[in-house]
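Peer 1: with the sequence up front, the predicted model follows.
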Amino acid sequence: TGFSVGQCTRVVRRLMAQDPVLRRLASRCGPAAVAWPRCVDPHADRDRGLTGVGGPAMQGGARALFVPHVQPQHAQVLVVAPRVYTQEQVRTALRHEMMHAYDYYVMGADFQHCGQLACSEIRAAMAGECHHLRWEKRRRKCIQETATAATATYCEEAGDLVRLLMDVCTKLEDPDLLQD
C-alpha cells in the first residue's frame, strides 16, 4: 500500500514550499484560488465520491485530482494517499493537478468543453508525467499519449483533439512557468 494520509500530507507540504514549479503555479492562481492541496483516502467515508477533472477519481486509479466547484474559492487539489508511494509520484501528481488549477483560474478553462479539456490535459502532462523528459521526440510522445488517455475519459475524439491542439497548447504564455 502507498502513503498514509499523514505521510502524504508531510510530502505535499514540503513540495509546495520547495518545488519552484508548484510555487509558481500556486502563486499565479492566487492565494485564495486553490485550497492547500490535501491528501485523501478513498476508503474513508468523507472522501468517497469525490469527482474532479478527468472523472470520478476514487473509482479509477488516479493519484490526484483537481476539484473545481461552483464557488471557485472552494476548489481543491487532492492527492489520493494510498496510490502514491514516493515523493516523486506526489510531485508529478501535484504538478499535473496544479496545472489544471492554473488553466481553470488563470486561463478560464471550461473542462466540460472537450477542446479545453484536451488542452489542459496536454499542459498537465507537460507539467507532470512528462516534465523530466528532455529529448523532444520522447517528451512530445509522452505528452500526446498521456493527454489522449486522460481526455478519452470524457471525449470520444480525444486522439484527434490532442493531435490538433498539441502545438498550440504546449506554447505557454509564460515560458518560465514550468522551469525547474
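Peer 2: Yep, it's here. Computed from a predicted structure; not experimentally measured.
Peer 1: for the longest helix anywhere in the chain, what is the distance to the chain centroid?
Peer 2: Scanning the chain for the longest helix, with DSSP state H as the assignment, gives helix 87-105. On the basis of C-alpha atoms, centre = their mean, to the nearest Å, helix 87-105 is displaced by 4 Å from the centre of the chain it belongs to.
Peer 1: may I have the following helix or strand past it exported as PDB, CA atoms only?
Peer 2: Downstream of helix 87-105, the next assigned helix or strand under DSSP states H and E is helix 114-127. Extracted in PDB, the C-alpha atoms of helix 114-127 (Å, rounded to 0.1, in the frame of the first residue of the first chain):
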ATOM      1  CA  CYS A 114     -13.600  18.800 -25.000                       C
ATOM      2  CA  GLY A 115     -11.100  21.100 -26.700                       C
ATOM      3  CA  GLN A 116     -10.400  23.000 -23.500                       C
ATOM      4  CA  LEU A 117     -10.100  19.700 -21.500                       C
ATOM      5  CA  ALA A 118      -7.700  18.300 -24.100                       C
ATOM      6  CA  CYS A 119      -5.600  21.500 -24.000                       C
ATOM      7  CA  SER A 120      -5.400  21.400 -20.200                       C
ATOM      8  CA  GLU A 121      -4.500  17.700 -20.200                       C
ATOM      9  CA  ILE A 122      -1.700  18.500 -22.700                       C
ATOM     10  CA  ARG A 123      -0.400  21.200 -20.400                       C
ATOM     11  CA  ALA A 124      -0.900  19.000 -17.300                       C
ATOM     12  CA  ALA A 125       1.100  16.200 -18.900                       C
ATOM     13  CA  MET A 126       3.900  18.700 -19.700                       C
ATOM     14  CA  ALA A 127       4.000  19.800 -16.100                       C
END
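Peer 1: I'd like the mean pLDDT over helix 114-127, please.
Peer 2: Taken as a whole, helix 114-127 has an average pLDDT of 96.
Peer 1: just the angle between whatever helix or strand comes next after that helix and helix 87-105, please?
Peer 2: Once the chain leaves helix 114-127, the next helix or strand it forms, by DSSP H and E, is helix 136-151. Counting by axes from the mean of the first three to the mean of the last three C-alpha atoms, to 10 degrees, helix 136-151 lies at 70 degrees to helix 87-105.
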